[in-house]
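J.: Sharing a model prediction with you, sequence too.
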Amino acid sequence: MNTAAPRSYAPEIIVAAGCLIALITFGPRASAGLFQIPMTVQFGWGRDTFGLALAIQNLLWGLGAPFAGAIADRFGTVRVLCVGAILYGLGLVTMAYATTPLQLHLGAGVLIGFGLSACSFNLVLAAFGKLLPEQWRPMAFGAGTAAGSFGQFLFPPIGNILIDTLGWQQALVVFAFTLLPVLPLSVMLATRKLGGSAAQTAAAANLPNQTIVQALTEAFKHRSYVFLVLGFFTCGFQLAFITVHMPAYLKDAGLPAWVGGWTLAVIGLANAVGSLTSGWLSTRMPKRHLLAWIYLGRAVAIAAFILLPASPVTALSFGVVIGLFWLSTVPPTSSLVMLMFGTKYMAMLYGFAFFSHQVGGFLGVLLGGVLYEQFGSYIIVWWLSVALGVASALINLPIVEKPVARGVPQPA
């Protein structure tokens, strides 16, 4: 039986459009660290100033995700994606012409943060869950995540070239224009009709006529969901810290600027492989075990990297290894949310998990900047990333992989 909700486009078109949106929206964000040294040198800011702007971005990205998801669940995905892309572009332009920390925080922090919450892969994956047949979903989650990773592979080297040839301000403006294709592509992910009738929505989600408040209450009383949300904190902490501070860390070690850009790029390329593999493994092994191995693998990779002398070889090798684990947490995490609660409120409930992810990102970026200014080194945050990786590996093990038990009869 086909368990997918009604759709207007073939699954291949839906997946292709969603992957392109994920690629386009993830690229500029993954390149943010390239602009830290040019901006701080030109304006005389500390790295804590730049770090705070990107920390605000991560926090508001996470804070806005549940609300953007709830709006998309209720009114459809297209409007949310379009508004998000416009805010994102305005944020990049504001960042390009910022001359004070407040302007930087408004552009790079507030506008890009809220823009990402409404147009990044969290909305794409939720649309996949609603629009695709059940057998397509795990691999589609992996493909959408991998596409975002490929954006991370493409954009940092392009960003380095644009900064060298046009200057950092013009590079940001070019990045803003790359977001325009999101507007027509979002039409392929239209989901408004899924909320047409309460009965249809309830049947599609295998739920009674559950309200948003009831869905949230149910989720946060469910121990496995809480463990999943807490574990996702570490993912955001590690990824955001590395994305923003890795180029500066390698520059401090005496390596040329291209090493930082290409390290971020190979992370993205390896992540495309890791995310697809994770989507495939999510259908073939317990998802909680997969998550535990991913977090443990990250901890080992980070520890090895900071214990070895910094060089182009160790940096690029670390990029490959950490890239395999980079966003490979997303397919099993999103699959678990859908398994536990169905698709009706998936965008919102995954949004709350993503909020935890972004709180981690906020602290990773912020602590990286603050502790560097205080101690002249990133070493404390590196080791904190290792400890959090081990903790998240353990916290995912007790997760129970089955639909939430409800006190009402459920249709087959």
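T.: That came through fine.

J.: can we go C-alpha only for contacts and neighbour counts from here?
T.: OK.

J.: can you count the residues close to the closest residue to A272 other than its chain neighbours?
T.: Excluding the flanking residues, the one nearest A272 by C-alpha to C-alpha, 6 or more residues apart in numbering is A146, at 3.9 Å. For A146, the count of nearby residues is 32 (other C-alpha atoms under 10 Å).

J.: The one 3 residues further on too?
T.: Other residues lying near S149 total 32 when counted by other C-alpha under 10 Å.

J.: Quick check, pLDDT for the residue nearest to it when sequence neighbours are not counted.
T.: Setting aside the residues directly before and after it, S149 is nearest to G268 in space (C-alpha to C-alpha, 6+ apart), at 4.3 Å. If you check G268, the pLDDT there is 79.

J.: what does G62 give?
T.: On pLDDT, G62 comes in at 84.

J.: Does it lie in a helix or a strand, and which?
T.: For G62, the host element (DSSP states H and E) is helix 47-75.

J.: Same check on I37?
T.: Counting by DSSP H and E, I37 is found in helix 36-43.

J.: tell me the contacts of K251?
T.: 257, 260 (C-alpha atoms under 8 Å, 6 or more residues apart in numbering).

J.: The residue nearest to A272 touches I267, doesn't it?
T.: No. With contact defined as C-alpha atoms under 8 Å, A146 does not reach I267; the gap is 11.1 Å.

J.: count of neighbours near the residue nearest to S149?
T.: 32.

J.: got the contact list for it?
T.: Counting by C-alpha under 8 Å, 6+ apart, G268 touches 148-153, 323.

J.: rerun that using 10 Å as the cut-off
T.: Residues counted as contacts of G268 (C-alpha atoms under 10 Å, 6 or more residues apart in numbering) are 27, 30, 146-156, 262, 274, 319-320, 322-324, 326-327.

J.: Neighbours of P309, how many?
T.: Neighbour count of P309, defined by other C-alpha under 10 Å: 12.

J.: er, N58 I mean
T.: For N58, the count of nearby residues is 33 (other C-alpha under 10 Å).

J.: quick one on the thing from earlier: which SS state does the residue nearest to A272 fall under?
T.: helix (DSSP: H, G, I helix; E, B strand; the rest coil).

J.: Please look at it and A16 and confirm they touch.
T.: No. Between A146 and A16 there is no contact under C-alpha atoms under 10 Å: 11.9 Å.

J.: what sits in contact with each of those two?
T.: The contact lists of A146 and A16 share 22, 140, where a contact means C-alpha under 10 Å, 6+ apart.

J.: Spit out the contact partners of F237.
T.: Contacts for F237 (C-alpha under 10 Å, 6+ apart) come out as 58, 356-367, 381, 384-385, 388-389.

J.: Just the buried ones out of these, please.
T.: Among the contacts of F237, those buried by neighbour count (16 or more other C-alpha atoms under 10 Å) are 58, 356-367, 381, 385, 388-389.

J.: Now for Q170: which residues touch it?
T.: Contacts of Q170 (C-alpha under 10 Å, 6+ apart): 93, 96-97, 162-163, 176.

J.: which one of those sits closest to G129?
T.: A176 (28.5 Å; C-alpha to C-alpha).

J.: excluding its backbone neighbours, what's nearest that closest one?
T.: Of all residues not flanking A176 in the chain, G89 sits nearest, at 4.4 Å (C-alpha to C-alpha, 6+ apart).

J.: and that neighbour, what helix or strand is that in?
T.: Using DSSP H and E, G89 sits in helix 77-96.

J.: That helix packs against which elements?
T.: On a contact count with 3 or more C-alpha pairs under 10 Å, 6 or more residues apart in numbering; DSSP states H and E, helix 77-96 meets helix 11-30, helix 47-75, helix 101-104, helix 112-119, helix 121-131, helix 168-177, helix 182-185.

J.: go again using 8 Å as the cut-off
T.: The elements that helix 77-96 packs onto, with contact taken as 3 or more C-alpha pairs under 8 Å, 6 or more residues apart in numbering; DSSP states H and E, are helix 47-75, helix 101-104, helix 112-119, helix 121-131, helix 168-177, helix 182-185.

J.: quick one, the first one and helix 121-131 angle?
T.: Between the axis of helix 47-75 and that of helix 121-131 there is an angle of 20 degrees, by axes from the mean of the first three to the mean of the last three C-alpha atoms, to 10 degrees.

J.: same for helix 47-75, what does it pack against?
T.: helix 36-43, helix 77-96, helix 101-104, helix 112-119, helix 121-131, helix 223-252, helix 346-375.

J.: can we see that at 10 Å?
T.: Looks like helix 47-75 contacts helix 36-43, helix 77-96, helix 101-104, helix 112-119, helix 121-131, helix 212-220, helix 223-252, helix 346-375 (3+ C-alpha pairs under 10 Å, 6+ apart).

J.: How far off centre is the second one?
T.: This points to helix 77-96. Remark: helix 77-96 is offset 16 Å from the chain centroid, using C-alpha atoms, centre = their mean, to the nearest Å.

J.: Let's see that helix as PDB, backbone CA atoms only.
T.: The C-alpha trace of helix 77-96 is given here as PDB (Å, rounded to 0.1, in the frame of the first residue of the first chain):
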ATOM      1  CA  THR A  77       6.000  24.700   2.600                       C
ATOM      2  CA  VAL A  78       6.300  27.100  -0.400                       C
ATOM      3  CA  ARG A  79       5.600  30.400   1.400                       C
ATOM      4  CA  VAL A  80       8.000  29.500   4.300                       C
ATOM      5  CA  LEU A  81      10.800  28.600   1.900                       C
ATOM      6  CA  CYS A  82      10.400  31.800  -0.100                       C
ATOM      7  CA  VAL A  83      10.300  34.100   2.900                       C
ATOM      8  CA  GLY A  84      13.400  32.300   4.400                       C
ATOM      9  CA  ALA A  85      15.400  32.700   1.200                       C
ATOM     10  CA  ILE A  86      14.600  36.400   1.000                       C
ATOM     11  CA  LEU A  87      15.600  36.900   4.600                       C
ATOM     12  CA  TYR A  88      18.800  34.900   4.100                       C
ATOM     13  CA  GLY A  89      19.700  37.000   1.000                       C
ATOM     14  CA  LEU A  90      19.000  40.300   2.900                       C
ATOM     15  CA  GLY A  91      21.200  39.100   5.700                       C
ATOM     16  CA  LEU A  92      24.200  38.400   3.400                       C
ATOM     17  CA  VAL A  93      23.900  41.800   1.900                       C
ATOM     18  CA  THR A  94      23.600  43.500   5.300                       C
ATOM     19  CA  MET A  95      26.700  41.500   6.400                       C
ATOM     20  CA  ALA A  96      28.500  42.700   3.300                       C
END
